[in-house]
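Undergrad: Sequence and predicted structure are below.
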Amino acid sequence: MVKKTSKKKKYAVVQVRRNTPTREDRLEMLLEAQRDGFRAFGESLSGVHDKLDEHSAILNEHSRILDEHSVILGEHTRKLDENSMRLDNVERNLGNVERSTEEMQSELSFIRHTMITREEVRLLEVRVSRLEKLHSK
């Protein structure tokens, strides 16, 4: 507040300076607000970077586990392929055994139907023996 007195008048004229900010003050306030905004943004961005680093570490761990499981799956697939080949061989052999068994059953059935009994063998022996006796006399 500035007081000026006039010589003509006996009273004091007071000029009141307003508390209105000057252009420089407004620019300074605007810059300070911008700095505060950038500071807050930087802190938020830092938090995002920390979270991103944390998630990247988790993702890397999951990728490592997935790679391990892929190796295990590959081994199991190889074993499954080997077992499938063995099973194919066993099935092929079983088919051969079944065909052989059917052939043997057929042959055995034929033999059973054309086979002579023990009684018939004894009768033949008796006949042969008689013929030998007759022939030897």
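TA: Received it, and whenever you're ready, just let me know what you need.
Undergrad: residue ranges with poor pLDDT in this protein?
TA: With pLDDT under 70 as the threshold, the chain has low-confidence stretches at 1-18.
Undergrad: Does anything pack onto the helix ranked longest in it? Which helices or strands?
TA: If each helix of the chain is counted by residues according to DSSP state H, the longest one is helix 23-114. Contacts defined by 3 or more CB pairs under 8 Å, 6 or more residues apart in numbering; DSSP states H and E place helix 23-114 against no helix or strand at all. C-beta coordinates here come from the backbone N, C-alpha and C atoms, glycine included.
Undergrad: next structured bit after it?
TA: Using DSSP states H and E, the next helix or strand after helix 23-114 towards the C-terminus is helix 118-136.
Undergrad: From the chain's centroid, how far away is that following helix?
TA: How far helix 118-136 lies from its chain's middle: 84 Å, per CA atoms, centre = their mean, to the nearest Å.
Undergrad: Give me the contact list for that helix.
TA: Where contact means CB atoms under 8 Å, 6 or more residues apart in numbering, the residues beyond helix 118-136 that reach it are residue 116.
Undergrad: Tell me which residues of it come out buried.
TA: Taking 16 or more other CB atoms under 10 Å as the basis for neighbour counts, none of the residues of helix 118-136 comes out buried.
Undergrad: can you pull the alpha-carbon coordinates of that helix into CSV?
TA: The C-alpha trace of helix 118-136 is given here as CSV (Å, rounded to 0.1, in the frame of the first residue of the first chain):
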residue,chain,number,x,y,z
ARG,A,118,-8.4,-148.2,-30.4
GLU,A,119,-11.0,-150.9,-30.8
GLU,A,120,-10.6,-150.7,-34.5
VAL,A,121,-6.8,-150.9,-34.2
ARG,A,122,-7.2,-154.1,-32.1
LEU,A,123,-9.5,-155.6,-34.6
LEU,A,124,-7.0,-154.8,-37.3
GLU,A,125,-4.2,-156.4,-35.3
VAL,A,126,-6.2,-159.5,-34.8
ARG,A,127,-6.9,-159.7,-38.5
VAL,A,128,-3.3,-159.2,-39.4
SER,A,129,-2.3,-161.8,-37.0
ARG,A,130,-4.7,-164.4,-38.4
LEU,A,131,-3.6,-163.5,-41.9
GLU,A,132,0.0,-164.0,-40.9
LYS,A,133,-0.8,-167.4,-39.3
LEU,A,134,-2.7,-168.5,-42.4
HIS,A,135,0.0,-167.3,-44.6
SER,A,136,2.8,-169.0,-42.6
